[in-house]
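>>> with the input below, show me the fold.
(one chain, ligands or ions: 1)
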Amino acid sequence: MVVVSSSSSSFLLLTALVVLVSWQAFASDPSPLQDFCVADMYSPVRVNGFACKNPMDVNADDFFKAAMLDTPRNTMGSKVGSNVTLVSAVQLPGLNTLGISIARIDYAPLGQNPPHTHPRATEILIVLEGTLCVGFVTSNPDNKLFSKVLNKGDVFVFPVGLIHFQFNHDPYKPAVAIVALSSQNPGTITIANAVFGSKPPISDDVLAKAFQVEKETIDWLQAQFWEDNNY
Ligand SMILES: *[C@@H]1O[C@H](CO)[C@@H](O)[C@H](O)[C@H]1NC(C)=O
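Numbering: from 1, shown residues only. Prediction:
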């Protein structure tokens, strides 16, 4: 008969807890099991991410994107006044399975990157030009807003999955930020677009009750143009 002393059984319990907690703490893409797995965009194979290109056919260009993030983007065509240039595994196949991506965001004077979430990524942002008011809101029941005004060189982090935004409150100067995201494919849910611009639309009965307004207000919102946002 095996007698487990109470100290060794509590050690076992502790170890099991630590393993469980550290396992649950993974908040990025699954770890690679090889040096790289450059995305093969032509493969018919469906896996979590993209299938790997034959390593014999991989070259330096698979890990490279020329002059992607140095040029200012046009924000004139955007209703919200921002333009996001994302470099994820789709644009840079070498990012497949690596759990990281990068983007440049240009903000018009008074432009914003509207409230949105990335279901698969934490985001870290650095301001390159101008001033940004940024923030995120915690989940239920608190829905607490954490916000801050950032100047050039300042860094802010938006925890995975939480609704966040950036707003350039300067009426004259544009702003620029670079962000890094902890997923090769962070995904973006722009709240207003998803709620009021879904195709087909969510019933106005549902939305009127959810937002505690008249159905006419919902119909008006649903009739607006919700610009495509691929980021
Ligand atoms: C973003 O900028 C690019 C390049 O300047 C432009 O082609 C594109 O139309 C812009 N997108 C929006 C939404 O304004």
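>>> tally of neighbours for S78?
Residues lying near S78 (other CB atoms under 10 Å) number 19. Where C-beta positions appear, they are placed from N, C-alpha and C, glycine not excepted.
>>> cool, and N143?
N143: 9 surrounding residues under other CB under 10 Å.
>>> and the gap between it and the ligand?
Note on N143: its distance to the ligand, by CB to the nearest ligand atom, to the nearest Å, is 29 Å.
>>> now swap in F64 and tell me
Using CB to the nearest ligand atom, F64 is found at 20 Å from the ligand.
>>> report how many residues lie close to that residue.
Around F64 there are 10 other residues, counting by other CB under 10 Å.
>>> give the contact list for it.
L92, G94 (CB atoms under 8 Å, 6 or more residues apart in numbering).
>>> poorly predicted segments of this structure, please.
1-27, 229-230 (pLDDT under 70).
>>> need the helices for it, in chain order.
For the chain, applying DSSP state H gives helices covering 6-24, 191-196, 204-211, 215-222.
>>> D228: how many residues sit nearby?
Neighbours around D228, by other CB under 10 Å: 9.
>>> give me the neighbour count for T122.
Number of residues near T122 (other CB under 10 Å) recorded here: 18.
>>> my guess is it contacts V179. True?
No. T122 is beyond contact range of V179, at 10.4 Å (criterion: CB atoms under 8 Å).
>>> check contacts around the residue positioned nearest the centre of the chain.
Nearest to the mean C-alpha position of the chain, by CA atoms, centre = their mean, lies H118 at 3.2 Å. By CB under 8 Å, 6+ apart, H118 lies in contact with F158, V160, G161, L181, S183, P186, G187, T188, I189.
>>> for the closest residue to the fourth one other than its chain neighbours, give its distance to the ligand.
Closest residue in space to L181, ignoring its immediate chain neighbours: A121 at 4.0 Å, by CB to CB, 6 or more residues apart in numbering. In this structure, A121 lies at 21 Å from the ligand, with CB to the nearest ligand atom as the measure.
>>> now do N151
Counting by CB to the nearest ligand atom - N151 and the ligand are separated by 24 Å.
>>> quick one: contacts for the residue nearest to L181?
A121 makes contact with S28, S101, V160, L181, S182, S183, P186, G187, according to CB under 8 Å, 6+ apart.
>>> 6 Å instead?
Residues in contact with A121 (CB atoms under 6 Å, 6 or more residues apart in numbering) are V160, L181, S182, S183, P186.
>>> now that we have the residues you listed, which one has the most neighbours?
Compared across the contacts of A121, L181 has the highest neighbour count, 28 neighbours, by other CB under 10 Å.
>>> is it correct that that residue is in contact with E123?
Yes. Using CB atoms under 6 Å, L181 is in contact with E123, at 5.1 Å.
>>> what residues does this structure have near the ligand?
R73, N74, T75, G77, S78, N83 (CB under 6 Å from any ligand atom).
>>> among those, name the buried ones.
In the residues of the chain next to the ligand, burial by neighbour count holds for R73, T75, S78, N83, counting by 16 or more other CB atoms under 10 Å.
>>> pick out the most distant pair among those.
Greatest spacing in those, by CB to CB: R73 and S78 (9.2 Å).
>>> mutual contacts of these two, please.
Joint contacts of R73 and S78 (CB under 6 Å, 6+ apart) do not exist.
>>> count of residues packed around the closest residue to C133 other than its chain neighbours?
Among residues not flanking C133 along the chain, F167 sits closest, at 4.6 Å (CB to CB, 6+ apart). Counted with other CB under 10 Å, the neighbours of F167 add up to 22.
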